[in-house]
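Q: Below is the sequence, then the predicted model.
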Amino acid sequence: MAIETKSRGQRMRISSGAPGTVVVQTVVDAAPAESVRAPAQAARETLQSAVMQPALQAMKEMPDIDHEKVAMLRDALAKGELPFNANKLAGLIQRFHGEH
């Protein structure tokens, strides 16, 4: 019979030796997995933050809609310079939103 439980770097091992005796051992890991992962996670978050901050700031400074480009595309569509396939658009919308 052997039962092992894990709790924050400690393990309790219960086993039966000779008939009628039970041995209980507590084993402590040198470095619990949580404490090993924490510095690595913090380093990753710091790196990601340092890399992402300029990009996030640039995105915040951009307008939500490029009105100039929208006007240019609207004019090109009205003049027939931009091909438009309503069936293709409908198919893409259905695929994107899923057919319910």
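A: Arrived safely, thanks for sending.

Q: ranges for the helices of the protein?
A: Using DSSP state H, the helices of the chain run over residues 33-61, 67-78, 86-97.

Q: what does the second one rub up against?
A: In other words, helix 67-78. With C-beta atoms under 8 Å, 6 or more residues apart in numbering as the test, helix 67-78 has contacts from 82, 84. Every C-beta, even on glycine, is put in place using the N, C-alpha and C of the backbone.

Q: could I get the helices of the chain as CSV with mean neighbour count and mean pLDDT?
A: What follows is these, written out as CSV (neighbours: other C-beta atoms under 10 Å; pLDDT from 0 to 100):
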stretch, mean neighbour count, mean pLDDT
helix 33-61, 10, 74
helix 67-78, 11, 93
helix 86-97, 9, 92
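
Q: May I have stretch 75-93 as CSV, with CA atoms only?
A: Extracted C-alpha coordinates of stretch 75-93, given in CSV (Å, rounded to 0.1, in the frame of the first residue of the first chain):
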residue,chain,number,x,y,z
ASP,A,75,-14.9,56.2,-54.3
ALA,A,76,-13.1,53.4,-56.1
LEU,A,77,-16.1,51.1,-55.5
ALA,A,78,-18.6,53.7,-56.8
LYS,A,79,-16.5,54.2,-59.9
GLY,A,80,-16.3,50.4,-60.6
GLU,A,81,-12.5,50.4,-60.1
LEU,A,82,-12.8,48.0,-57.2
PRO,A,83,-14.4,44.6,-58.0
PHE,A,84,-17.1,43.5,-55.6
ASN,A,85,-18.6,40.0,-55.3
ALA,A,86,-21.6,40.0,-53.0
ASN,A,87,-21.8,36.2,-52.9
LYS,A,88,-18.1,35.9,-51.8
LEU,A,89,-18.7,38.5,-49.1
ALA,A,90,-21.8,36.7,-47.9
GLY,A,91,-19.8,33.4,-47.8
LEU,A,92,-17.0,35.0,-45.8
ILE,A,93,-19.4,36.5,-43.3
